[in-house]
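Peer 1: generate a structure from the sequence data that follows.
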Amino acid sequence: MLMRTDPFRELDRFTQQLFDGARRPTAMPMDAWREDGSVRVMFDLPGVDPETVDLKVERNVLTVQAERKPVATGEGVEPVISERPTGTFTRQVFLGETLDTERIEATYDAGVLSLRIPIAEQAKPRKIEIMSGGGRKELLS
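Peer 2: Predicted coordinates:
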């Protein structure tokens, strides 16, 4: 049998059940960093079926939505401990104008959603050629 030692767990469970009608979005932890001309983003989604993950980009806002369903339900099933959050998880990330949202790559492995968002070519550093005195151009107005 499973034993609990947290004296406040029952109070937390009661509070959660009391306010269950006004559920707040559950956390979807993420990490992000720049790497090799792109931005990498990873979201923790343990226990989420990849078929329930939905990615959308609209006006440089990336929306990640996923659903975790309860493991055991039905007649004759009596939960003993239920701490893992279920339901729909949503997170929005504002993407800068310098990212190429048309070429986002996404993979899902071992409960981690990984995105690679390339930096747009026009935003990458580039070298500007300087002409010598003999190659001057005259601007007309």
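
Peer 1: without its sequence neighbours, what residue ends up closest to the residue most central in space within the chain?
Peer 2: Note on the chain: the residue nearest the mean C-alpha position is Phe43, at 4.5 Å, using CA atoms, centre = their mean. Closest residue to Phe43 apart from its sequence neighbours, by CB to CB, 6 or more residues apart in numbering: Leu113 at 4.3 Å. Every residue, glycine included, has its C-beta placed from N, CA and C.

Peer 1: my guess is that neighbour is in a strand, correct?
Peer 2: Yes: counting by DSSP: H, G, I helix; E, B strand; the rest coil, Leu113 is located in a strand.

Peer 1: just confirm it contacts Gln65, I think it does.
Peer 2: No: shown here, Leu113 and Gln65 do not form a contact pair, counting by CB atoms under 8 Å, at 10.9 Å.

Peer 1: of the two, who's got more company?
Peer 2: Set side by side, Leu113 and Gln65 show more neighbours around Leu113, with 21 against 15, by other CB atoms under 10 Å.

Peer 1: per-residue confidence at that one?
Peer 2: pLDDT, Leu113: 97.

Peer 1: the helices in the protein, which residues?
Peer 2: Ranges of helices in the chain, per DSSP state H, are 9-18.

Peer 1: chain center to stretch 49-64, what's the gap?
Peer 2: Averaging C-alpha positions (CA atoms, centre = their mean, to the nearest Å) puts stretch 49-64 8 Å from its chain's average.

Peer 1: what is the end-to-end distance of it?
Peer 2: End-to-end distance for stretch 49-64, by CA to CA, to the nearest Å: 14 Å.

Peer 1: repeat for stretch 105-118
Peer 2: Counting by CA to CA, you get 9 Å between the two ends of stretch 105-118.

Peer 1: one more: stretch 70-80?
Peer 2: The first residue of stretch 70-80 is 13 Å away from its last residue (CA to CA).

Peer 1: can you count the residues close to Asn28?
Peer 2: Rather than Asn, residue 28 is Met. Using other CB under 10 Å, the number of residues around Met28 comes to 16.
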